[in-house]
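**Student:** kindly return the folded structure for what I paste below:
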Amino acid sequence: MANVSGKVVLITGAARGIGAETARELARRGAKLALVGLEPDELAAVAAELGEGHFWAEADVTDPDSLQAAVDAATAKFGRIDAAIANAGIAPLGSVRAGDPRGFLKTIDVNVNGVFHTARAVMPELAASKGYLLVVSSLSAFAPIGGMAAYTASKAASEALASALRMEVLHLGVSVGSAHPSWIDTDLVREVAGDLKTFTEMRKRLPWPMRAITTPDRCAQAFANAVERRKRRVYVPRAVMLMHWLRNVPGSALVELVMRRQLIRLIPQLEQETRELGRSMSARNEKLNS
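**Tutor:** Prediction:
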């Protein structure tokens, strides 16, 4: 793609956080944005901030009809879609033992099924434009962390989906990439940290670069660069690449040995905090996904 000026980029989960910041960065580079998400007021505010010529639509990535309607409306407005970023995602609270099963199922629905529905909805337009799809996975896809089993499983699945899809659409001239950010200073991360004090302590005790924190603007720049260059892999920060090369290490006996004492102490605390909260997600996500 080389340059996104004049290109149409659709982003799910665009109302705030990484999605909104990436939209701002792409708009600065001259792209036309189609913003999709569950919060109409926030989507409208971001679109207005970007200036004239952009578009937003309320849609739920777990509802294929809702998502298809948003994609069709964006296509009707712009006449094409050149790239899409499957960014919508949630993170539940709690472990497998103490977490709410509904939180696990909702996480899989948003983070995996949502990517599937997004890819299906935009693929005809991407095939027509020989475009690019970026699937937002996570460092967690290859660096599992106790207390985040649902999120880790969903992000590993979205990475695998992207890898398989990449091969399926080669003949269409469509490129597919996966993004693997570490901890990004977004509403999602701050809300979980606010709900669970143990979460912050556990993150700080992880070995580098698993504990690295990146600002939303740096993440947005990396995502925008990926769209411009049709990148196969995106690591934020770049040190996350090391964890991909050594992807068997985080789940190995070595890391378990390093973290063993902390995990034995912290996981029961995390489970107790989750039980006391009485919900399986952050307050905002609980409301949006109820």
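
**Student:** do me a favour and average the pLDDT over stretch 175-187.
**Tutor:** The average pLDDT within stretch 175-187 is 84.

**Student:** pLDDT below threshold where in the stretch 151-290 of the chain?
**Tutor:** 186-212, 237-267, 269-270, 274, 276-277, 279-290 (pLDDT under 70).

**Student:** mind running it again at 80?
**Tutor:** 183-214, 237-290 (pLDDT under 80).

**Student:** now the strands: where do they sit in the stretch 51-200 of the chain?
**Tutor:** For the stretch 51-200 of the chain, the strands defined by DSSP state E, counting those that start in this stretch occupy 55-58, 83-86, 132-136, 175-181, 183-184.

**Student:** save those as TSV, and put in distance to residue 33 and mean neighbour count too.
**Tutor:** (Glycine included, C-beta is placed from N, CA and C.) Compiled in TSV, these are given as follows (distance: least, CB to CB, whole Å; neighbours: other CB atoms under 10 Å):
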stretch	distance to residue 33	mean neighbour count
strand 55-58	7	22
strand 83-86	10	29
strand 132-136	14	26
strand 175-181	17	24
strand 183-184	20	20
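
**Student:** I'd like these laid out as a markdown table, including distance to residue 231.
**Tutor:** Shown next, in a markdown table, are the strands of the stretch 51-200 of the chain (distance: least, CB to CB, whole Å):
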| stretch | distance to residue 231 |
| --- | --- |
| strand 55-58 | 25 |
| strand 83-86 | 11 |
| strand 132-136 | 8 |
| strand 175-181 | 5 |
| strand 183-184 | 18 |
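
**Student:** nearest to residue 159, of the ones you listed?
**Tutor:** Of all these, strand 175-181 sits nearest to residue 159, with 5.2 Å by CB to CB.

**Student:** of all the strands of the stretch 51-200 of the chain, which lies closest to residue 8?
**Tutor:** Nearest to residue 8 among the strands of the stretch 51-200 of the chain is strand 83-86; the distance by CB to CB comes to 7.6 Å.

**Student:** and the helices in the stretch 1-150 of the chain, which stretches?
**Tutor:** 17-28, 40-50, 64-78, 101-108, 114-129, 149-168 (DSSP state H, counting those that start in this stretch).

**Student:** deepest-packed of the ones you listed, please.
**Tutor:** helix 17-28 (a mean of 24; mean count of other CB atoms under 10 Å).

**Student:** before we move on, the earlier item: specify the stretch among the strands of the stretch 51-200 of the chain that is closest to residue 113.
**Tutor:** Nearest of those (CB to CB): strand 83-86, 11.0 Å.

**Student:** given that closest one, what are its sheet partners and their directions?
**Tutor:** Paired with strand 83-86 in the same sheet, following DSSP bridges, are strand 8-12 (parallel), strand 132-136 (parallel).
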